[in-house]
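[1] Give the three-dimensional model of this entry:
(2 chains)
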Number of protein chains: 2
Amino acid sequence: MQTTKVDTPSSKVSEGPSAFEFRKLAQDGKARLGEIHTPRGVIRTPAFMPVGTVATVKALYPEQVRDAGADILLGNTYHLMLRPGAERVAKLGGLHKFMRWEKPILTDSGGFQVMSLGKIRKITEEGVAFQSHIDGSRHMLSPERSIEIQCLLGSDIQMQFDECIELPAERKEVERAMELSLRWAERSKRAFEMQLSSGGAGPGQALFAIVQGGTDIPLRHRSADALVAMDFPGYAVGGLAVGEGHEAMIATLGETLPHLPSEKPRYLMGVGTPLDLIESVRLGVDMFDCVMPTRNGRHGYAFTWGGPLNLRNAKFAEDMAPLDEFSSCPAAKDFSRAYVHHLIKSGEFLGAMILSWVNTVFYQDLMAAMRAAIAEGRFDDWATETKARIIASPQSAPAP
Amino acid sequence: MQTTKVDTPSSKVSEGPSAFEFRKLAQDGKARLGEIHTPRGVIRTPAFMPVGTVATVKALYPEQVRDAGADILLGNTYHLMLRPGAERVAKLGGLHKFMRWEKPILTDSGGFQVMSLGKIRKITEEGVAFQSHIDGSRHMLSPERSIEIQCLLGSDIQMQFDECIELPAERKEVERAMELSLRWAERSKRAFEMQLSSGGAGPGQALFAIVQGGTDIPLRHRSADALVAMDFPGYAVGGLAVGEGHEAMIATLGETLPHLPSEKPRYLMGVGTPLDLIESVRLGVDMFDCVMPTRNGRHGYAFTWGGPLNLRNAKFAEDMAPLDEFSSCPAAKDFSRAYVHHLIKSGEFLGAMILSWVNTVFYQDLMAAMRAAIAEGRFDDWATETKARIIASPQSAPAP
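    Residues are numbered from 1 along each chain as shown, chains lettered A, B, ... in the order given. Here you go, the predicted model:
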């Protein structure tokens, strides 16, 4: 496959050094190499965003996340609005300062988590009334409030408020949620433009839309086309990896991405396993986020260049080999499988700390390897070799 | 108070570079500055040993413990014999290699924890039969087995097997346990000598005795005198900080230490608060261990040079000041009180990681400051100034 060099900026929200801009640098098949320029730094794409749910990537120091190679991380609007509170974060100087992360931050809109975690009181055209899972306190999320919160946090890339439903679901229900999300996209966009004009957001910040529609291709097309007509600086594919399985996800993605403009960044939300990432990059996805590296780490699961390891397994009890001799993470070379097995079995902090670190580095190194393969025009060969090495079978996707 | 310089070695177990040796370098009043030389490195005294219960100092990487200035750490025989097991640790190359700690390790004998954690089945002259708190499996600890385990772990400083009882207790009960511990001291010593002659231990390893007797001074004297007659290379004071309070502890210590030889290291087990450490060093103690820096850290408590902080307190919710501007721990300067308050309230790993680190550094810096004050012959002045600074009152001793 020939690599196409793209030298001119592909997408620019506004002019000047403080602009938000996506530059496509190369393409290999449908896989894209690029850079998102923001006032807080450049995001090399394809990019994986570690998840810092409540203003911390679990069990990692911010320096470890940065040194792993992450150019951007994700914060959760739902969690942060409840604790410590968006107004409080704003008062303390914004999320970057609060959590000591100077690079870009993307925040979700709260739409996904208010459904999965909040005690829903009512979904209306206006928004979602819910009770906090922490203390039962009553809150309202709407497109306008979600954007307001994301601006208070100081998020560099904000997401439209949407309704994300679990799959499988009736087509009618999928369609209803998708259509509602389209109307909320328009309101989110208007709210963000208000923030821009009032100084609540700056020209280097951007709002992305979210394509919904489940695994129904015509619904995905309708959602994508309508959102593209609204002209957002980036587009996410939401509502996948919610129970439909790898094959259905990739199939849906393959039919959805061609309806998104090639000069804008594309973000696949909440995904996923190394296999998911490779196959999605192959289709042209530029950004990902997922709790898998840290959550699986806390449960004793290591992603390595020799394939996944479940360190809880008794076979590691006397295995003094390092976790992963091919890793660029110091902990992967320093600590033995036997020791980490012991730590995990004993419920020790250090076990979660080591594996969250090793996995976060693995994910960043995987993205770096994909970027190099695209630049060299050999993504397909790289993917075949790498999958043989790190994935036993599509079924080996870890789910602790 | 004039400092006495002591240039000649004070105590040497055997000759040669692999010997265990205590060198007293200076004395200020009763406070002593010294070095314990072992084949694995020099321990600067007075020394505080971080506790690595199950082969990890909780929530810290080994490098953080080392860089904090710790020359030695403590491992718990009771925990390690149950998981991962002493024979397994030996098979894997010993505790140092297993947990990546190259400096000296002191192990307790298991006596204290078998009483507090194990489901006791029977205490006899022979030893203690008990069931594991982890899985109910049946085990036996005796002086001989305790020493065998400590040798299998590869411990540099081993402790005699003893019976430690809670205070307050009947004098008769205190006396019975003390007398039993004396007989177990003899058996521990014989067992250790057998290990030395069979190669299970080397000349650089040492076995310490433990003075018991509660807060009963005549019992303490009888215990100390009997142990000194057996000639150990070091002496611990055990059975304190078990409920008797700071004043009673210091009073008992003051009466006990004069019965121990000045040329041997003295170790106060399981102690304590910064105030406990200062007052004990003043009386001539050389070594300490305690879970307080890490346990209190996990519970949101910070030791700082401006006094203790309970980060759970709502008053820190918007306090963007660093945890401790006078600390030598990077985390104390980098992270704000507001952020750590949020992390602790949210039950996040990073809160425990930061505070365990800050507190471990505080304890090491406190010991370094005491060593410097002794070297300069101004321990009393230093203690007065420091107590005013870091301790609000004797009652401020933290107990999360």
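[2] check which helix or strand covers A:Asp365.
    Secondary structure from DSSP states H and E places A:Asp365 in helix A:349-375.
[3] Okay, buried residues for that helix please.
    Buried positions in helix A:349-375, judged by neighbour count with 16 or more other C-beta atoms under 10 Å in any protein chain shown: A:349-367, A:370-371, A:373-374. For every residue, glycine as well, the C-beta is placed using N, CA and C.
[4] For chain B, tell me which of the residues you listed show up nearby.
    A:349-350, A:352-353 (C-beta under 8 Å from any C-beta of the partner chain).
[5] do you know how far the most centrally placed residue in chain A is from B:Asp334?
    Centroid-nearest residue in chain A: A:Asp289, 1.8 Å away (criterion: C-alpha atoms, centre = their mean). In this view, A:Asp289 and B:Asp334 are 25 Å apart by C-beta to C-beta, to the nearest Å.
[6] In the ones next to chain B among the buried residues of helix A:349-375, find the pair that's most separated.
    A:Leu350 and A:Ala352 (7.5 Å; C-beta to C-beta).
[7] What separation do you get for the nearest residue to A:Cys151 once chain neighbours are set aside and B:Pro143?
    Excluding the flanking residues, the one nearest A:Cys151 by C-beta to C-beta, 6 or more residues apart in numbering or on different chains is A:Gly200, at 4.4 Å. Using C-beta to C-beta, A:Gly200 is found at 72 Å from B:Pro143.
[8] Likewise for A:Lys387?
    58 Å.
[9] repeat for A:Gln27
    From A:Gln27 over to B:Pro143 (counting by C-beta to C-beta), the distance is 73 Å.
[10] who's more crowded, the two?
    More crowded of A:Gln27 and B:Pro143, by other C-beta atoms under 10 Å in any protein chain shown: B:Pro143, with 25 against 21.
[11] show me the contacts for that one.
    B:109, B:127, B:160-161, B:184-185, B:187-188, B:191 (C-beta atoms under 8 Å, 6 or more residues apart in numbering or on different chains).
[12] which regions of the stretch 201-350 of chain A lie under the pLDDT threshold?
    Counting by pLDDT under 70, the stretch 201-350 of chain A shows no low-confidence range.
[13] And the strands in it, which stretches?
    A:206-211, A:235-237, A:266-268, A:287-290, A:301-302, A:309-310 (DSSP state E, counting those that start in this stretch).
[14] what does the first one contact?
    Where contact means C-beta under 8 Å, 6+ apart, the residues beyond strand A:206-211 that reach it are A:13, A:20, A:38, A:109, A:111, A:147, A:156-160, A:162, A:181, A:185, A:188-189, A:192, A:220, A:223-224, A:227, A:230, A:232-239, A:256, A:259-260, A:265, A:267, A:269.
[15] For PyMOL, write the selection for the buried entries among those residues.
    Remark: buried members of the contacts of strand A:206-211, expressed as a PyMOL selection using 16+ other C-beta under 10 Å:
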select buried, chain A and resi 13+20+38+109+111+147+156+157+158+159+160+162+181+185+188+189+192+220+223+224+227+232+233+234+235+236+237+238+239+256+259+260+265+267+269
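[16] returning to what we had before: kindly provide the distance from the residue nearest to the centre of chain A to chain B.
    Using C-beta to the nearest C-beta, to the nearest Å, A:Asp289 is found at 18 Å from chain B.
[17] give the contact list for A:Pro322.
    Applying C-beta under 8 Å, 6+ apart, we find A:Pro322 in contact with A:332-337.
[18] whoops, I mixed them up, A:Arg220
    A:211-214, A:252, A:255-256, A:259.
[19] run the last query once more with 7 Å
    Contact analysis of A:Arg220 by C-beta atoms under 7 Å, 6 or more residues apart in numbering or on different chains lists A:211, A:213, A:252, A:255-256.
[20] Looking at those, which are in helices?
    A:252, A:255-256 (DSSP state H).
[21] can you list those residues in CSV and add distance to chain B?
    Shown next, in CSV, are the ones in helices among the contacts of A:Arg220 (distance: C-beta to the nearest C-beta, whole Å):
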residue, distance to chain B
A:Thr252, 34
A:Glu255, 39
A:Thr256, 35
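[22] what's near enough to touch the residue in the stretch 201-350 of chain A positioned nearest to chain B?
    Closest residue of the stretch 201-350 of chain A to chain B, C-beta to the nearest C-beta: A:Phe349 (4.1 Å). Contacts here follow C-beta under 7 Å, 6+ apart; on that basis A:Phe349 touches B:58-59, B:349, B:352.
[23] repeat for A:Asp71
    Applying C-beta under 7 Å, 6+ apart, the residues near A:Asp71 are A:41-44, A:47, A:103-104.
[24] Of those residues, grab the buried ones for PyMOL.
    Command for PyMOL, covering only those of those found buried under the criterion 16+ other C-beta under 10 Å:
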select buried, chain A and resi 43+44+47+103+104
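[25] Just put the ones next to chain B among the buried residues of helix A:349-375 in CSV and tack on distance to A:Arg66.
    CSV is the format used below for these (distance: C-beta to C-beta, whole Å):
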residue, distance to A:Arg66
A:Phe349, 21
A:Leu350, 21
A:Ala352, 19
A:Met353, 16
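[26] And those residues, which is closest to B:Leu167?
    Nearest to B:Leu167 among those, with distances taken as C-beta to C-beta, is A:Phe349, at 31.5 Å.
[27] Measure how far the direction of whichever strand or helix holds A:Leu33 deviates from that of strand A:206-211, in degrees.
    Here A:Leu33 sits within strand A:31-38, counting by DSSP H and E. Relative orientation of strand A:31-38 versus strand A:206-211 (axes from the mean of the first three to the mean of the last three C-alpha atoms, to 10 degrees): 140 degrees.
[28] Strand A:31-38 - which strands sit beside it in the sheet, and in what orientation?
    Partners of strand A:31-38 in the sheet, by DSSP bridges, are strand A:21-28 (antiparallel), strand A:41-45 (antiparallel).
[29] how about those strands, which one is nearest A:Val285?
    Among the strands paired with strand A:31-38, strand A:41-45 sits nearest to A:Val285 (C-beta to C-beta), with 9.0 Å.
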